[in-house]
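Undergrad: Need coordinates for the below:
(chains A and B)
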Amino acid sequence: MQWLGTNTDVNDQRSEKKARRATEKQLQVVMESMSEGLVISDSSGKLLHWNPAALRMHDISNAEEVLTNLRSFARLYELSTVEGAVLPIEHWPLARILGGEQLHDLELRVRRLDREWTRIFSYSGAILQCGDDKDLAFMMIKDITERKYAEEALRDAKVNLEHKVNERTAQLVAKSKELENFCYSVSHDLRAPLRGIAGYSRLLFESYHECLDEEGRSFLKNIGVATTHMSSLIEDLLSYSKLERQKLSTTAVRLSSFLPQLLDQFKDSIENARLTVKVDDLRISADPDGLAIALRNLIDNALKFSRFAPEPAIEILAQPADGYCILSVRDNGIGFDMRFYHKIFEIFQRLHRAEDYPGTGIGLAMVHKAMERMGGRVWAESEVGGGAVFYLELPLYSTPTAVIPAVSASG
Amino acid sequence: MNTTLPILLIEGNPMDVDLTQRAFIRHNLANPLEVMRDGQEAIDFVAGWRAGDPVPSVILLDLKLPKICGLEVLRVIRAHPDIGTVPVVVLTSSAEDDDIRKAYLLGANSYIVKPVDFEKFIDVARQIELYWTVLNMHSFSKPA
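TA: Reported below is the predicted structural model:
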């Protein structure tokens, strides 16, 4: 039994040894082909093994140079945090592993003192118990320099971009504020001298018209016409600048009640025109004041440019289309040449003679501005003599689903 | 009735002063129109007022004044224990929401935008005179 047993033991030991050797061989192949660096030390800190990747990463070409302990290592390398704080040797990854810590992707800067390079490595590792009660420290090293630099560059670029965007936005906001204020104060300050001109020409006419001949009186009359025109220019400019500065807030606007109210303001001027309104019970998302400004100007225009038509007709339609509502205002007036289309929404642009169709050239610019401020669109189609149709596009109002439980909960 | 008490006009623009005077003269106004040309003059008037001095029936106040702005003048008027009760009508070119709001917060009784058209201006003068000097009861007026 004894012999047999011994024989078995010897056989077992042999095959065990063989197996271990095979495993060691496999391990060595793996270690040598790894792209990560691997350093193994014993529990005293004596460096036992470097794989080729670890040597390459540390710029060690000659295996003979291989440093045998941390102290000797510290003469050639300096380790610091990514932020740049130099680490004392007790805080080096291997020292920490030997102290019992498990490291997982600890990122550090490594500087080779004699060759002046710095790279960023990521360290992982732990103490593993290997047979014979021997504790070994395993440390895996990844070179993450490129990734880190790319990340840094990206972060810098982002910060820079954000900074630049903020700076530009601030400049633009300031500039636009300045322009708005300029527009406002100019129009506002023009009122006072205009009141003087209007007042004194009126007084002159009243008190001295007998001293003037027909021509003199017609001069005064023209001054009156000019001041009235200038006064409406100033008022329109002020409304335009107010529209720019005012905060618009969109809410649900029910067209079937909004439009009749709006059209009521036109009931005197609209008398001569045939008006058709076809609006389903649509709710759109708009600022009521902004929408009123846009529609009022379009209806004003439709009335103005169709007033010499044999039978002036104006048609207002609202149609849903793919989450939006398209409101159209059509007239059968003189229309305009589509060649000048690009000009019609610009401020102070006029396509018709002032004596035929008086106006300030601000109306359509107001429509455009109001739609822009509400996040909508305006466009038009026309041909000379064939009337014109203006379209306003605004989102249909959809009840925000999240609001419903909140409302019923509070109610 | 305050028909003989003066109307105080605080107005910086000389042309507006003249036009306002002419607009009031149209109605052969019983109340004399006293004029102050800038904010400092108005504040000095309030500070120097003593019991027994004539009290305006209404103060017409422009907001855009030389030296000290109209809103500041309004604040000083309202802080005065006696003059502080006089009605103040803001008469200005500004139709800015912000100016209107501030003026009322500081205790303006009315806010009127000066019309450009002279006919309308005359009408404004007539209505101011009728309402503030004839109909309106003043804290200084003694019942007849």
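Undergrad: For the residue nearest the centre of chain B, name its beta-bridge partners.
TA: With distances taken as C-alpha atoms, centre = their mean, residue B:60 lies nearest the centre of chain B, 1.5 Å away. Following DSSP bridges, residue B:60 is listed with bridge partners residue B:9, residue B:89.
Undergrad: from what I can see it touches residue B:9, true?
TA: Yes: using C-beta atoms under 8 Å, residue B:60 is in contact with residue B:9, at 4.7 Å. Placement of C-beta: from N, CA and C, glycine included.
Undergrad: Which neighbours do those two have in common?
TA: Residues touching both residue B:60 and residue B:9 (C-beta atoms under 8 Å, 6 or more residues apart in numbering or on different chains) are residue B:20.
Undergrad: what's the domain layout of chain A?
TA: Using automatic domain parsing, the domains assigned to chain A come out as A:34-143, A:151-244, A:249-395.
Undergrad: nearest to chain B, of those?
TA: domain A:151-244 (4.0 Å; C-beta to the nearest C-beta).
Undergrad: what's the spacing between that closest one and its chain's center?
TA: Relative to its chain's centre, domain A:151-244 lies at 32 Å (C-alpha atoms, centre = their mean, to the nearest Å).
Undergrad: gap between residue B:37 and residue B:48?
TA: Going from residue B:37 to residue B:48 by C-beta to C-beta, to the nearest Å gives 16 Å.
Undergrad: Between those two, which is the more surrounded one?
TA: Shown here are residue B:37 and residue B:48; by other C-beta atoms under 10 Å in any protein chain shown, residue B:37 has more neighbours (17 against 8).
Undergrad: Excluding chain neighbours, give the residue nearest to the more buried one in space.
TA: In space, and not counting its chain neighbours, residue B:37 is closest to residue B:12: 6.1 Å by C-beta to C-beta, 6 or more residues apart in numbering or on different chains.
Undergrad: for residue A:290, same thing?
TA: Residue A:290 sits nearest to residue A:370 (C-beta to C-beta, 6+ apart), 4.2 Å away.
Undergrad: What lies in contact with the helix or strand encompassing that neighbour?
TA: Using DSSP states H and E, residue A:370 maps to helix A:363-374. Helix A:363-374 has contacts (C-beta under 8 Å, 6+ apart) with A:236, A:239-240, A:243-244, A:248, A:250, A:286-287, A:290-291, A:293-294, A:297-298, A:300-301, A:344-349, A:377-378, A:390, A:392-394.
Undergrad: now do stretch A:375-383
TA: Stretch A:375-383 is touched from outside by A:250, A:286, A:294, A:335-338, A:341, A:344-345, A:367-368, A:371, A:388-395, with contacts defined as C-beta under 8 Å, 6+ apart.
Undergrad: Same question for stretch A:33-42.
TA: Contacts to stretch A:33-42, defined as C-beta under 8 Å, 6+ apart, come from residues A:31, A:47-51, A:53-58, A:69, A:94, A:98, A:121, A:134-143.
Undergrad: quick one: average confidence on stretch B:131-140?
TA: Mean per-residue pLDDT for stretch B:131-140: 84.
Undergrad: ok, and for that stretch, which residues are buried?
TA: By neighbour count with 16 or more other C-beta atoms under 10 Å in any protein chain shown, stretch B:131-140 contains the buried residues B:132-133, B:138.
Undergrad: cool, and stretch A:296-315?
TA: The neighbour-count check on stretch A:296-315 (16+ other C-beta under 10 Å) flags A:296-299, A:301-306, A:309, A:312-315 as buried.
Undergrad: Now do the strands in the chain.
TA: I'll assume chain A. For chain A, applying DSSP state E gives strands covering A:37-42, A:47-50, A:77-81, A:103-112, A:117-130, A:134-143, A:251-254, A:274-279, A:283-286, A:313-321, A:324-331, A:377-382, A:388-395.
Undergrad: Switch to chain B, please.
TA: B:7-10, B:33-36, B:58-61, B:88-92, B:110-113.
Undergrad: what's the most buried one of the ones you listed?
TA: The highest mean neighbour count among these, using mean count of other C-beta atoms under 10 Å in any protein chain shown, belongs to strand B:58-61: a mean of 26.
Undergrad: how far out from the middle of the chain is that one?
TA: On the basis of C-alpha atoms, centre = their mean, strand B:58-61 is displaced by 1 Å from the centre of the chain it belongs to.
Undergrad: quick one: contacts of that strand?
TA: With C-beta under 8 Å, 6+ apart, strand B:58-61 has contacts from B:7-11, B:20, B:42, B:70, B:73-74, B:77, B:86-92, B:108, B:128, B:132-133, B:136.
Undergrad: before we move on, what about stretch A:390-399?
TA: By C-beta under 8 Å, 6+ apart, the surrounding residues in contact with stretch A:390-399 are A:252-253, A:282-286, A:291, A:294-295, A:298, A:301-302, A:320, A:323-330, A:367, A:371, A:374-381.
Undergrad: 7 Å instead?
TA: Applying C-beta atoms under 7 Å, 6 or more residues apart in numbering or on different chains, the contact partners of stretch A:390-399 are A:252, A:282-286, A:294, A:298, A:320, A:323-329, A:371, A:374, A:376-380.
Undergrad: Can I get that stretch in PDB, CA atoms only?
TA: Presented in PDB, the C-alpha positions along stretch A:390-399 are these (Å, rounded to 0.1, in the frame of the first residue of the first chain):
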ATOM      1  CA  PHE A 390     -50.400  85.600 -47.800                       C
ATOM      2  CA  TYR A 391     -49.800  82.500 -45.600                       C
ATOM      3  CA  LEU A 392     -49.100  82.300 -41.900                       C
ATOM      4  CA  GLU A 393     -47.900  79.000 -40.500                       C
ATOM      5  CA  LEU A 394     -48.100  78.300 -36.800                       C
ATOM      6  CA  PRO A 395     -48.100  75.100 -34.800                       C
ATOM      7  CA  LEU A 396     -51.400  73.600 -33.900                       C
ATOM      8  CA  TYR A 397     -51.900  73.700 -30.100                       C
ATOM      9  CA  SER A 398     -51.400  70.300 -28.500                       C
ATOM     10  CA  THR A 399     -52.200  69.800 -24.900                       C
END
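Undergrad: For residue B:99, list the residues it contacts.
TA: Applying C-beta under 7 Å, 6+ apart to residue B:99 gives the contacts residue B:63.
Undergrad: What separation is there between it and residue B:105?
TA: 11 Å.
Undergrad: Then residue A:356?
TA: For residue A:356, the distance to residue B:105 - C-beta to C-beta - is 47 Å.
Undergrad: what does chain B put close to chain A?
TA: Chain B has residues B:13, B:15-16, B:19, B:22, B:93-94, B:114, B:116-119, B:121 near chain A, with proximity defined as C-beta under 7 Å from any C-beta of the partner chain.
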